[in-house]
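S.K.: Any chance you could fold what I've pasted below:
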Amino acid sequence: MITITIVRGADKRVASFAVEGHAKYAKPGKDIVCAGVSAVSVGTVNSIEQLTGVRLPAEMKNGWLSSSIPLSAQADTDERVQLLLESMIVMLDTIAKSYGKHVSLREHYNE
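M.R.: Below you'll find the model as predicted:
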């Protein structure tokens, strides 16, 4: 199962996220669930870097992607980063709702 963890600060801002595991929906190389989750999560990191100039401290290994989200010195840049992250969460939640046996999404709040 793929487990997606979103951590938010007290201000509801996305502070970090982690995607780990394998969906095991189909054989490796044919697993549309793993491919979808990977495309959305890696694509979001790439989009943030290219569209906002903010380099995320992301770590990626086989079946694992994790990133802490830095607070930008510019409020408008931070808002764009957060919007892209919220979009990622909507897409991943949609996948989790369609393939709940293979994907779990949870959110935690740090106070």
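S.K.: The residue nearest in space to the middle of the chain and Thr94, how far apart?
M.R.: In the chain, the residue lying closest to the centroid (CA atoms, centre = their mean) is Ser41, at 4.5 Å. From Ser41 across to Thr94, the span is 13 Å (CB to CB, to the nearest Å). C-beta coordinates here come from the backbone N, C-alpha and C atoms, glycine included.
S.K.: From Phe17, how far out is the residue nearest to the centre of the chain?
M.R.: Distance from Ser41 to Phe17, by CB to CB: 8 Å.
S.K.: cool, Glu107 as well?
M.R.: In terms of CB to CB, Glu107 sits 9 Å off from Phe17.
S.K.: and the two? which has more neighbours close in?
M.R.: In terms of neighbours (other CB atoms under 10 Å), Phe17 is the more surrounded of Glu107 and Phe17; the figures are 26 against 14.
S.K.: Bridged to the more buried one, which residues?
M.R.: Ile6, Ser67 (DSSP bridges).
S.K.: does it really touch Ile6, like I thought?
M.R.: Yes: counting by CB atoms under 8 Å, Ile6 is a contact partner of Phe17 at 5.1 Å.
S.K.: what's the least confident helix or strand in the protein, going by average pLDDT?
M.R.: strand 58-61 (a mean of 90; mean pLDDT, DSSP states H and E).
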